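In: Sharing a model prediction with you, sequence too.
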Amino acid sequence: MDKTIALQHILDCGVIAIFRAANPIGLVAAAEAIVAGGIIAVEFTFTTPDACRLIGATRERLGERALVGAGTILNAKDADAALQAGAQFIVMPVLDRATIETAQRAAVPIMPGAYTPTEILTAWEWGADLVKLFPASAGGPAYVRAIRAPLPQVRLVPTGGVSTANAGEYIRAGAAAVAVGGNLVDPTAIAAGEFNRLTEVARQLCGSVQNARTEKQL
């Protein structure tokens, strides 16, 4: 998929689902359930066992219905491995120029992690398509609003502590999208095979984001 189209799909949806688990069993089915709820961007972190296999398996099962990315990428070597597995976007918790350049060469969206104004601007100037504001819970929506005032050009994606209760607040504060992990990808529901619970939370998150966007336009 063309990079511009992939990035636009992420922005249009407004939510990235983060899969970080100690056990990979059931995660492909969980991804399918979340996509059924309207979240088309799913990220498998490299701290999850068999992350590369999960990326490939999810792409095979969901095809064009989803964008499958790799997260917790710390260096160019891991980025290469993720891309070879079929990752369609790369997410980092930190800022590393070589990793950004690896994604740029592969023509896939790259979202490095940053927190301070200097880190955020550096990431953007190095070519980030989105900037993962992490940990977002440390400053909350007010911090997003404060950062956006001097840096309105940067597409921020708050990550860490985002839920159905506050996703809309982050969007109203100026976030381009949000990324949600444990508050969406519930390990208890996955272990019990209750994938419908994931679908419902995904629907709620998408609804919160879209409602917040509509309110901003009024």
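Out: Here it is on my side, so go on.
In: Longest helix in this structure, please.
Out: In the chain, with assignment by DSSP state H, the single longest helix is helix 195-217.
In: Taking the centroid of this structure, which residue is nearest it?
Out: Geometric centre of the chain, nearest residue: residue 16, 3.5 Å, by CA atoms, centre = their mean.
In: and it, what does it touch?
Out: Residues counted as contacts of residue 16 (CB atoms under 8 Å, 6 or more residues apart in numbering) are 10, 39, 41-43, 69, 91, 157, 177-180. C-beta here means a position set from N, CA and C on the backbone, and glycine is covered the same way.
In: Just list what the strand or helix carrying residue 84 packs against, helices and strands only.
Out: Element membership for residue 84, per DSSP states H and E: helix 76-85. Judged by 3 or more CB pairs under 8 Å, 6 or more residues apart in numbering; DSSP states H and E, the packing partners of helix 76-85 are helix 51-62, strand 67-71, strand 90-91, helix 97-106.
In: Any chance of these in a markdown table with mean neighbour count and distance to residue 197 as columns?
Out: Shown next, in a markdown table, are those (neighbours: other CB atoms under 10 Å; distance: least, CB to CB, whole Å):
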| stretch | mean neighbour count | distance to residue 197 |
| --- | --- | --- |
| helix 51-62 | 19 | 19 |
| strand 67-71 | 28 | 21 |
| strand 90-91 | 28 | 24 |
| helix 97-106 | 18 | 33 |
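In: out of those, nearest to residue 190?
Out: Closest of the helices and strands packed on helix 76-85 to residue 190 is helix 51-62, at 12.6 Å (criterion: CB to CB).
In: Report the angle between the closest one and strand 67-71.
Out: Put simply, helix 51-62 runs at 170 degrees to strand 67-71, going by axes from the mean of the first three to the mean of the last three CA atoms, to 10 degrees.
In: Ramachandran coordinates for residue 171?
Out: With angles defined as degrees, to the nearest 10, residue 171 sits at phi -70, psi -40.
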